[in-house]
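**Student:** Structure here, sequence nowhere to be found:
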């Protein structure tokens, strides 16, 4: 009994009981208390400081951090810095470790293309633009050179042209009946008498 | 194998012209003669069967048999006529083999003509 009590005490110290876990709604959008799809729609672009403050609060941002996209069709959605998921600290204690994201954190408008295994806009490219152009041109002109050099040397199977009856179909192909040539074709066997 | 190398690099002078018919006498080297290639069908039969010009080769008899079978058994063509189809395809293969033999004959005769010309020129020099 003493052992059981000790186990319970240690577990209670190191583990939160199930009913203590926060059961909040970890939604993927920062707009809370949304019921229907119209509630997720962004509002009109804010013009006055009061509207900016209201929009910043709506997206969980400080008003000085809030910067609405000037143009585009996403209204008052904030213009967040384009930071790839792979640049975030992997050892931080996130609410959503898989997405490296905390609860209520605003999502970038292009979040679907900057995932951890996707495009990283801050990474240095493997090749410079000059190298890309060079390799592209090398490939193109390599194939072009091969085509021009090898054009006179066409591949052919070791066969003579196909033989057709009726003098190689002279009349069928629209030849003049007056000067029809007589073309005979032979097998390689001796004639059977 | 190596026909491209032979025709374009090592012996372009004796390589046969694969776009034109053979240049030598077809009966040269055949003391007993050669069997002539013939077909049984006539022009009128081929026209009546509407055989396209591409198929009017020396296998057209097998093709006509296949056409008859197809007309009889349509639409179960493969079930009833696969023997005819197979025979026609085999005839096409044999036709290709004959063309390859003609290519080889043309090549060897050209090499022979070159050898003879060279020997004659050597004799003339002596």
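**Tutor:** That came through, no problem. Note that the coordinates shown come from a computational prediction; the quantities given were computed from them, not determined experimentally.
**Student:** Show me which residues of chain B are close to chain A?
**Tutor:** Counting by CB under 8 Å from any CB of the partner chain, chain B comes close to chain A at B:3-4, B:7-8, B:16, B:18-22, B:26-27, B:30, B:32-39, B:43, B:53, B:56-58, B:60, B:95-96, B:98-104, B:106. For the C-beta atoms, the positions are set from N, CA and C on the backbone; glycine is no exception.
**Student:** Filter those residues down to the buried ones and express that as a PyMOL selection.
**Tutor:** Buried subset of those, written as a PyMOL selection, criterion 16 or more other CB atoms under 10 Å in any protein chain shown:
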select buried, chain B and resi 3+7+16+18+34+37+39+56+57+58+60+95+98+99+102+103+106
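**Student:** and stretch A:61-76, what's its mean pLDDT?
**Tutor:** Mean pLDDT, stretch A:61-76: 78.
**Student:** Now it: buried residues?
**Tutor:** So, applying 16+ other CB under 10 Å, buried residues of stretch A:61-76: A:61, A:66, A:68, A:69, A:76.
**Student:** Tell me the one among these nearest to residue A:154.
**Tutor:** residue A:69 (58.8 Å; CB to CB).
**Student:** ok, longest helix in chain B?
**Tutor:** Taking DSSP state H as the criterion, chain B has its longest helix at helix B:77-125.
**Student:** quick one: contacts for residue A:53?
**Tutor:** If you count contacts by CB atoms under 8 Å, 6 or more residues apart in numbering or on different chains, residue A:53 has them with residue A:63.
**Student:** at 10 Å instead, please
**Tutor:** With contact taken as CB atoms under 10 Å, 6 or more residues apart in numbering or on different chains, residue A:53 is in contact with A:46, A:62, A:63, A:66.
**Student:** Break down chain A into its helices, ranges please.
**Tutor:** Using DSSP H, helices in chain A cover A:2-14, A:37-40, A:49-58, A:129-150, A:165-169.
**Student:** List the buried residues of stretch B:70-82.
**Tutor:** Neighbour-count burial for stretch B:70-82 flags B:70, B:77, B:81 (criterion: 16+ other CB under 10 Å).
**Student:** Would you confirm that the last one contacts residue B:69?
**Tutor:** It refers to residue B:81. Yes. Applying CB atoms under 10 Å, one finds residue B:81 in contact with residue B:69, separated by 4.0 Å.
**Student:** Now do the shared contacts for the two.
**Tutor:** With contacts defined as CB under 10 Å, 6+ apart, no residue is shared by residue B:81 and residue B:69.
**Student:** Just give me the closest of the contacts of residue A:53 to residue A:121.
**Tutor:** For these, the closest approach to residue A:121 (CB to CB) belongs to residue A:66, at 21.3 Å.
**Student:** Give me the neighbour count for the closest residue to that closest one other than its chain neighbours.
**Tutor:** For residue A:66, ignoring the flanking residues on the chain, the nearest one in space by CB to CB, 6 or more residues apart in numbering or on different chains is residue A:56 at 3.6 Å. Residues near residue A:56, counting by other CB atoms under 10 Å in any protein chain shown, number 21.
**Student:** Can you report how many residues neighbour residue A:98?
**Tutor:** Using other CB under 10 Å, residue A:98 has 8 other residues around it.
**Student:** now for the buried residues of stretch A:61-76, which pair is the farthest apart?
**Tutor:** A:61 and A:69 (13.4 Å).
**Student:** shared neighbours, those two?
**Tutor:** A:78, A:80.
**Student:** low-confidence ranges in the chain?
**Tutor:** In the absence of a named chain, chain A is used. Applying pLDDT under 70 to chain A picks out residues A:10-34, A:69-72, A:115-117.
**Student:** other chain: chain B
**Tutor:** B:1.
**Student:** center of it - which residue?
**Tutor:** residue B:99 (3.3 Å; CA atoms, centre = their mean).
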